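Engineer: Next comes the sequence, and after it the predicted model I'd like to discuss.
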Amino acid sequence: SNVVLFLSLVTLAGVSSQPIADNQRVFSIAVSRVQHLHLLAQALFLDFEGSLQMEDQRQLNKIFLQDFCNSDYIISPLDKHETQRSSVLKLLSISYRLVESWEFPSHSLSGGSSPRNQVPSKLSELKMGILLLIRANQDGAEMFSDSSPLQLAPYGNYYQSVADDESLKRTYELLACFKKDMHKVETYLTVAKCRLSPEANCTL
């Protein structure tokens, strides 16, 4: 399975006789995993949005457009042109930070359906794969060693007891930000993977 292959490649990192091939395989698995997470994030958001009254949807969307996600503190490309100009290592490092920023908040996404409960473990597997890719791309470990783990506060004090209206806003924000960030990671990893194929057109 992909999980076994993913973990095996992590174990064999640095001792493989085919580092380029392994690098491409890990990239493919990482992209596949984040694509799955992005689709899941979209489904969770749409399910929640569909359960709201039309007026609540309108108000929450208006509020979210004026607000920003906790992960916006992570400096990332401003647009597709800057993304395409960014180095593979930069895209991998930003992706790592974005995934890491969701390790704690993702537990509040659990509950109910089985796919929801898989989010934290799938994020951890993705984080491990991205870290392997950073180390496999020369100087990645050195560049990354000075970076301390993110200590972002929970989304909008999400775990505090609040009124129903505020709870709706926080849940909407959490799901919208998760969807937004998984889309970012999918874009960055896809562009980084494309760079391994000189003949490929990596235009977004």
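Structural biologist: Structure's in. What do you need?

Engineer: Least confident secondary structure element in the chain?
Structural biologist: Within the chain, no helix or strand scores below helix 140-144, which has a mean of 46 by mean pLDDT, DSSP states H and E.

Engineer: Run through the strands of this structure in chain order.
Structural biologist: Read by DSSP state E, the chain holds no strands at all.

Engineer: low-confidence ranges in it?
Structural biologist: Scanning the chain for pLDDT under 70 picks out 1-21, 65-67, 110-115, 138-165, 198-200, 204.

Engineer: now the helices for it?
Structural biologist: Along the chain, counting by DSSP state H, helices occupy 2-12, 19-50, 54-66, 80-85, 88-101, 114-117, 119-136, 140-144, 164-194.

Engineer: Residue 72 is nearest to which of the ones you listed?
Structural biologist: Set against residue 72 and scored by Cβ to Cβ, the helices of the chain come closest in helix 164-194, at 8.7 Å. (C-beta placed from N, C-alpha, C; glycine too.)

Engineer: Give the other helices and strands that the closest one contacts.
Structural biologist: Here helix 164-194 touches helix 19-50, helix 54-66, helix 80-85, helix 88-101, helix 119-136, going by 3 or more Cβ pairs under 8 Å, 6 or more residues apart in numbering; DSSP states H and E.

Engineer: would you turn those into TSV with distance to residue 201 and mean neighbour count?
Structural biologist: Output for these, formatted as TSV (distance: least, Cβ to Cβ, whole Å; neighbours: other Cβ atoms under 10 Å):
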stretch	distance to residue 201	mean neighbour count
helix 19-50	16	18
helix 54-66	32	12
helix 80-85	11	13
helix 88-101	16	23
helix 119-136	22	21
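
Engineer: Out of those, flag the one nearest residue 186.
Structural biologist: Closest to residue 186 of these is helix 19-50 (Cβ to Cβ; 4.7 Å).
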